[in-house]
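one predicted model, sequence on top.
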Amino acid sequence: MLAEFLTPTAHGLFGQIDPWVFLLLTATAVLVGAAVQSMVGLGLGLVAAPVISFLDPTLMPGTLLISASVLPVLTLLQEWRQVDWRGMAWGLPARVPGTLIAVWVVAGLEPRALAAFVGVMVLVAVALTVRSFKVHVTPFSLVVAGTLSGFTSTATSVGGPPMALVYQNEPPEKVRATLAVFFLFGGLFSLAALVVGGQIDTRTTAVGLSVIPFIGLGFFIGNRLRRRVNPARMRAVLLTVVSVSAVGLLAQAALG
């Protein structure tokens, strides 16, 4: 029964590969992304979204939003005292209009076009991360970042970079905790909006639930590595791999 849900559709780059190979690749991407996010506050969507879109774009963004909902809970169990609640009071409501627009976009895109859209959004996110613009934490910047994150998270499951840019100069524990709140409540709202919009089916849900244990494992590994891995070196390698994946997605969409 599970194998039937895990078999990728013909829309994916690898077509009808073995369901357990499909699960292994998906789980590995989710595990690595969860480990990165538990260290720096974001990264699950950046790492896992291109991989899942390669394998089967019809699963995006629902599968990743479902599995990712567990990670911020684990983060908050550790660092809830560090949350910037005042900032979230501006950022979270601003996510609503971006989410609603994204539901309309996802409903109108074919799987091939959605894969290309994910690729573009990932490259934009990487560019913003590399540039590291100086942004102050103000109500205006939080509203803008919240709206953009609502759109990109709901459409592609890559919603962290806009809000991360606003908090980039804050202490790491504050960044992780505040982004966790934003991802938790914002992600649940995005999921609810996609369900109402008819963009979440049984297969998407089954695959998302099946990789949740790897979210927990990635969180555990990230916690262990947090003080042992050079952040700058890890960031450079991560952004390189993510960029290559995104370019591959665009090539896949262009070549059909």
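That came in fine, so what should we check first? Numbers count the residues shown, from 1 in each chain.

wait, Ser67 sits on Thr205?
No: judged on CB atoms under 8 Å, Ser67 makes no contact with Thr205 at a distance of 10.2 Å. Backbone N, C-alpha and C define where each C-beta goes, glycine included.

mind checking which of those two has more residues around it?
Ser67 (27 against 16; other CB atoms under 10 Å).

the residue nearest the centre of the chain - nearest residue in space that isn't next to it in sequence?
Residue closest to the mean C-alpha point of the chain, counted by CA atoms, centre = their mean, is Gly45 at 2.2 Å. With CB to CB, 6 or more residues apart in numbering as the criterion, Gly45 has its nearest non-adjacent residue at 4.0 Å, and that residue is Val158.

tell me the secondary structure for that neighbour?
coil (DSSP: H, G, I helix; E, B strand; the rest coil).

quick one, grab the pLDDT at it.
You'll see Val158 listed with a pLDDT of 72.

show me what contacts it?
45-46, 49, 118, 121-122, 125, 152 (CB atoms under 8 Å, 6 or more residues apart in numbering).

recalculate using a threshold of 7 Å.
45-46, 49, 121-122, 125, 152 (CB atoms under 7 Å, 6 or more residues apart in numbering).

what of Gly187?
65, 68-69, 153.

roughly how far does it sit from Leu55?
Distance of Gly187 to Leu55, computed by CB to CB, to the nearest Å: 21 Å.

one more: Val247?
Per CB to CB, Val247 is found 17 Å from Leu55.

between those two, which is the more surrounded one?
Leu55 (26 against 14).

output the below-cut-off pLDDT ranges for this protein.
1-16, 111-112, 114-115, 118, 129-135, 229-239, 241-242, 244-246, 248-249, 252-256 (pLDDT under 70).

the strands in this protein, which residues?
Counting by DSSP state E, the chain has no strands at all.

re the thing from before, now flag whichever of the contacts of Val158 is closest to Pro172.
Leu46 (17.4 Å; CB to CB).

that closest one against Ala125, yeah?
Yes: under the criterion of CB atoms under 7 Å, Leu46 is in contact with Ala125, at a separation of 6.2 Å.
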